[in-house]
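K.L.:
fold the stuff below for me.
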Amino acid sequence: MHQVGAVFYVLWGILHIFAAIHVFKLGSIQGSGMVQGRIYQNAWNLMFFAIFTIVVAIVFNWNNSPIGYWLNLFATSITDIGFILFIVIPHHLPFKNGIPGPILWILALIFSTLGLYLPML
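P.N.:
Modelled structure (predicted):
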């Protein structure tokens, strides 16, 4: 189960790498200034969390590490809760385009939780 969770975390990371690229492109069409800088910062943060999640999934979650479980739980939850609150709920993005990330997040969470805690039962 934990390896399925790790695969979902890697897929989540890949999706967010593409999202970071699109956010960067959005920033590039803005005029120079604070708005552009904040958009670039958001793209940077997305890229960091995406790469972090992929590395943790491969190094830790694949081996059912509790440290990896908590690291990716925290990183992806912080990222996707903010996305849901500030992008999906206010309808800044169509629901069908905004739901794949949270679905991958929830699936990764479910499978990594089952993988970590089922052997203990």
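K.L.:
only C-alpha atoms for contact and neighbour calcs from this point on.
P.N.:
Noted.
K.L.:
next one: phi and psi at Pro90?
P.N.:
Pro90 adopts backbone torsions of phi -80, psi 0, taken as degrees, to the nearest 10.
K.L.:
out of everything not next to it in sequence, what's closest to Gly68?
P.N.:
Spatial nearest neighbour of Gly68, excluding adjacent residues (CA to CA, 6 or more residues apart in numbering): Phe60 at 4.7 Å.
K.L.:
number of residues surrounding that neighbour?
P.N.:
The local packing of Phe60 (other CA atoms under 10 Å) involves 20 other residues.
K.L.:
which residues does it contact?
P.N.:
With contacts defined as CA atoms under 8 Å, 6 or more residues apart in numbering, the neighbours of Phe60 are Ile67, Gly68, Tyr69.
K.L.:
repeat that for 10 Å
P.N.:
His2, Gln3, Ala6, Ile54, Pro66, Ile67, Gly68, Tyr69, Leu71, Asn72 (CA atoms under 10 Å, 6 or more residues apart in numbering).
K.L.:
look up how far Met120 lies from it.
P.N.:
Distance, Phe60 to Met120, using CA to CA, to the nearest Å: 18 Å.
K.L.:
give me the distance between the residue nearest to Gly68 and Pro66.
P.N.:
8 Å.
K.L.:
now do Phe74
P.N.:
Counting by CA to CA, the separation of Phe74 from Pro66 is 12 Å.
K.L.:
repeat that for Phe24.
P.N.:
33 Å.
K.L.:
show me which of those two is the more surrounded one.
P.N.:
Phe24 (21 against 14).
K.L.:
the more buried one reaches Ala43, doesn't it?
P.N.:
Yes: Phe24 lies in contact with Ala43 (CA atoms under 10 Å); the separation is 5.4 Å.
K.L.:
between the two, which contacts overlap?
P.N.:
Phe18, Gly37.
K.L.:
nearest the geometric middle of this structure, what residue?
P.N.:
For the chain, the residue nearest the mean C-alpha position is Thr76 (4.4 Å; CA atoms, centre = their mean).
K.L.:
which residues sit against the lowest-mean-pLDDT helix or strand in the chain?
P.N.:
With mean pLDDT, DSSP states H and E as the measure, the helix or strand of the chain carrying the lowest mean pLDDT is helix 95-98 (a mean of 93). Applying CA under 10 Å, 6+ apart, the contact partners of helix 95-98 are Phe83, Ile84, Ile87, Val88, Ile89, His91, His92.
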